[in-house]
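# return atomic coordinates for the entry below.
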Amino acid sequence: MRKKKLIILGSTGSIGRSTLDVVRAHPDRFGIAALSAHTNESKLLDQAKEFSVSVTALSGKNPESDLVTYLGERGIISMIEETEADMVVNGIAGSRGLLPSVAALSSGKDLALANKETIIMAGELVTSLAGEKGRKIIPVDSEHSAIFHLLQKVQLSDVEEIILTASGGAFRDLSLDDLNHVTVEQALKHPTWNMGKKITIDSATMANKGLEIIEANKLFSFPVDRIKVIIHPQSYVHSLIRTIDGALYSQISYPDMRLPIQNALTYPETSPFPFGRFKLTGEILTFQAPDSKKYPLLDLAYRAATEGRAYPIAYNAANEVAVSAFLKGKIHFTGIAPVVERTLEYDWGNLLLSFEQVGELDIRAREIADHAIGEITGESICF
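The predicted model follows:
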């Protein structure tokens, strides 16, 4: 069997490290063609040495070693375009991941997608490009991976609801009053998953689930009013579908990103998973409805998804700006949602025609979100 050659973007982050675990477990199936990181040069070079990779990229700083072969955000694109590979694993966090996804598809490579912003910002354009190039987009997010694979067994026309599960984040048991006083350190302690800072904050606000609502709507062409969210603290059920006869189908496993990653890398085949099995005995599964007052970013996501056009771009950009401000101590945890809400008050009804336009609207939304933060903190700037 010929090895599938992979380009791994964000190889030093949580998705990248988990992907390399899968490659280690299946050395006969996968080879690494190229690796990229944002700033962790030493870890990148360690990985390159272990897997005998000669093509590397560093996007966020000037390298200290001449072993790094591509530099900067543009360097990531060039690496993807110029490196022979079968699949790109996009583990880049945030909106920076959009153009690498476009480059992967444009250069004829399948896309294992952990960067949900690709679909949120430019879903129609990206899926159209994949169809034009005859390439596959396979979701790596645990929730969308679960739905994707369930839909291989159930016809979409028979699905009544898609139900996305959420852990509820670090503050699911706190009152509304308590949320006004939480610290960055507290927010970064996720109860079940080990993730990067931004997505951990998104889990606490449930903006991640808001983004996943938008992503599911675009990725599966499924009506947003039939996409539901339920809190499942144990994080064993990685989403469900309800069919028109009322039956529920789910994917259940321990919270381990290596499973959805392996499923993406081996698709359409299924391979033995060497990292453990879920045991039904001794486990308790509980579910509860999310409190919209506690998680206002959920309702704002439904609004953005329903409005469509550029509203999802504005939602995503404003949330990224607000989370960054919270991590820097500029706003309170409860100040994140108001920034997003104020940004969505502008008209985002633009018809999306190009990736360049998506980028311009993203910049515009960030400027508006920055202005909203200034108003909230009393440091308003001219706009």
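# pick out the residue closest to the middle of the chain.
The chain has Lys116 as the residue nearest its centroid, 3.4 Å off, counting by Cα atoms, centre = their mean.
# for that one, give its distance to Gly123.
10 Å (Cβ to Cβ, to the nearest Å). C-beta here means a position set from N, CA and C on the backbone, and glycine is covered the same way.
# pretty sure the residue nearest to the centre of the chain sits against Ile213.
No: between Lys116 and Ile213 there is no contact under Cβ atoms under 8 Å: 10.6 Å.
# is it true that Glu41 touches Ser65?
Yes: using Cβ under 8 Å, Glu41 is in contact with Ser65, at 6.6 Å.
# of those two, who's got more company?
Comparing Glu41 with Ser65 by other Cβ atoms under 10 Å, the one with more neighbours is Glu41, at 20 against 11.
# show me what contacts the more buried one?
58, 61, 63-65, 68 (Cβ atoms under 8 Å, 6 or more residues apart in numbering).
# now do the strands in the stretch 201-350 of the chain.
227-231, 237-243, 248-252 (DSSP state E, counting those that start in this stretch).
# so which of the ones you listed is nearest Asp362?
strand 227-231 (23.5 Å; Cβ to Cβ).
# residues of that closest one that come out buried?
227, 229-231 (16 or more other Cβ atoms under 10 Å).
# between the two ends of stretch 38-56, how far is it?
11 Å (Cα to Cα, to the nearest Å).
# what about the stretch 101-250 of the chain, any weak spots by pLDDT?
Low-confidence segments of the stretch 101-250 of the chain (pLDDT under 70): 190-195.
# please settle this for me: is Ile162 part of a strand?
Yes: membership of Ile162 in a strand is supported by DSSP: H, G, I helix; E, B strand; the rest coil.
# ok, it - how many residues close by?
Ile162 - counted by other Cβ under 10 Å - has 28 other residues nearby.
# so who does it touch?
With Cβ under 8 Å, 6+ apart, Ile162 has these contacts: 147, 216, 220, 222, 226-228, 239-241.
# redo that, cut-off 10 Å
The neighbours of Ile162, taking Cβ atoms under 10 Å, 6 or more residues apart in numbering as the test, are 143-144, 146-147, 150-151, 156, 212-213, 216-217, 220, 222-224, 226-229, 239-242.
# winner for burial among the strands of the stretch 201-350 of the chain?
Stretch with highest mean neighbour count among the strands of the stretch 201-350 of the chain: strand 237-243 (a mean of 21; mean count of other Cβ atoms under 10 Å).
# then it to PDB, C-alphas only?
Only the C-alpha atoms of strand 237-243 are listed here, as PDB (Å, rounded to 0.1, in the frame of the first residue of the first chain):
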ATOM      1  CA  VAL A 237     -21.100  11.800  22.900                       C
ATOM      2  CA  HIS A 238     -19.700  13.700  20.100                       C
ATOM      3  CA  SER A 239     -23.000  14.800  18.500                       C
ATOM      4  CA  LEU A 240     -26.200  13.100  17.400                       C
ATOM      5  CA  ILE A 241     -28.600  13.000  14.500                       C
ATOM      6  CA  ARG A 242     -32.300  12.500  14.900                       C
ATOM      7  CA  THR A 243     -34.100  10.900  12.000                       C
END
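# how far off centre is that strand?
19 Å (Cα atoms, centre = their mean, to the nearest Å).
# quick one, that strand and strand 248-252 angle?
Using axes from the mean of the first three to the mean of the last three Cα atoms, to 10 degrees, one finds that strand 237-243 and strand 248-252 are set 160 degrees apart in direction.
# who are the packing partners of strand 237-243?
helix 142-150, strand 159-166, strand 227-231, strand 248-252 (3 or more Cβ pairs under 10 Å, 6 or more residues apart in numbering; DSSP states H and E).
# adding distance to Gly134, write these out as TSV.
Converted to TSV, those look like this (distance: least, Cβ to Cβ, whole Å):
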stretch	distance to Gly134
helix 142-150	18
strand 159-166	26
strand 227-231	28
strand 248-252	27
